[in-house]
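K.L.:
Here is a sequence together with a model predicted from it:
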Amino acid sequence: MSLQDELYKETILDHYHCPRNHGVISGATLKQEGTNPLCGDELTLYIKLNNDTIEDIKIEAKGCSISMASSSMMTEAIIGQKIKNAQIIAHNFKDMMLNKGNDYVFNETNEDLNSLNGVKKYPVRIKCALLAWNTLLQSLEKDEAKAQGE
Ligand code: ZN
């Protein structure tokens, strides 16, 4: 294993053992469940919006190390962000995980996310890494649909 792979593995395990923003938000603006039946990963996402800013986010998750680590990193990356920025980060993450050729690389602010790039070597685990992000995008889309209907 290369030094870089070792560091990435450590980052993933750190988020797995100490998940950031773990828990429930009572009175959350948005609540969304996500599952990855292939692996048995499950999570519930809670978001508190302040206008178009994600003021708080928490996740209750159980599953494999990849899904748990990715959930934790996702909350760190998007807390305090405008909805639009959160969506851009989520799409960049999906590009990184799904584009085999042209890799997206995150800058220092979100560099932990790059540690999940190696998961691409194990195609069945890509869904584990994407679960939290797809759940986030779903919940934000629902919020947009609601806003447009009003
Ligand atoms: Zn999994």
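P.N.:
Right, received. Where do you want to start? Residues are numbered from 1 along each chain as shown.
K.L.:
Hmm, I57 and H22 touching each other?
P.N.:
No. Counting by CB atoms under 8 Å, H22 sits too far from I57 to count as a contact (10.7 Å). Every C-beta, even on glycine, is put in place using the N, C-alpha and C of the backbone.
K.L.:
can you count the residues close to I89?
P.N.:
Counted with other CB atoms under 10 Å, the neighbours of I89 add up to 20.
K.L.:
Do you know the pLDDT at it?
P.N.:
At I89, the model reports a pLDDT of 97.
K.L.:
on that earlier part again, tell me which of H22 and I57 has more neighbours.
P.N.:
Each of H22 and I57 has its neighbours counted (other CB under 10 Å); I57 has more, 26 against 14.
K.L.:
where's the more buried one relative to Y122, distance?
P.N.:
27 Å (CB to CB, to the nearest Å).
K.L.:
ok, now S72?
P.N.:
19 Å.
K.L.:
who's more crowded, these two?
P.N.:
Ranked by neighbour count (other CB under 10 Å), S72 and Y122 place S72 first, with 24 against 11.
K.L.:
In contact with the more buried one, which residues?
P.N.:
By CB atoms under 8 Å, 6 or more residues apart in numbering, the contact set of S72 is H15, Y16, C18, P19, R20, N21, H22, I59.
K.L.:
same thing with G23?
P.N.:
Listed by CB under 8 Å, 6+ apart, the contact set of G23 reads K58, I59, E60.
K.L.:
For the last one, give me its contacts.
P.N.:
To tie it back to what came earlier, the one meant is E60. Going by CB under 8 Å, 6+ apart, the list of residues near E60 reads H22, G23, V24, L43, T44, Y46.
K.L.:
State the pLDDT value of the second one.
P.N.:
Per-residue confidence (pLDDT) for G23: 97.
K.L.:
Would you mind measuring from it to the ion?
P.N.:
As judged by CB to the ion, to the nearest Å, G23 and the ion stand 20 Å apart.
K.L.:
what about that residue, distance to E141?
P.N.:
From G23 to E141 the distance is 24 Å (CB to CB).
K.L.:
Also the fifth one?
P.N.:
The spacing between T44 and E141, counted by CB to CB, is 17 Å.
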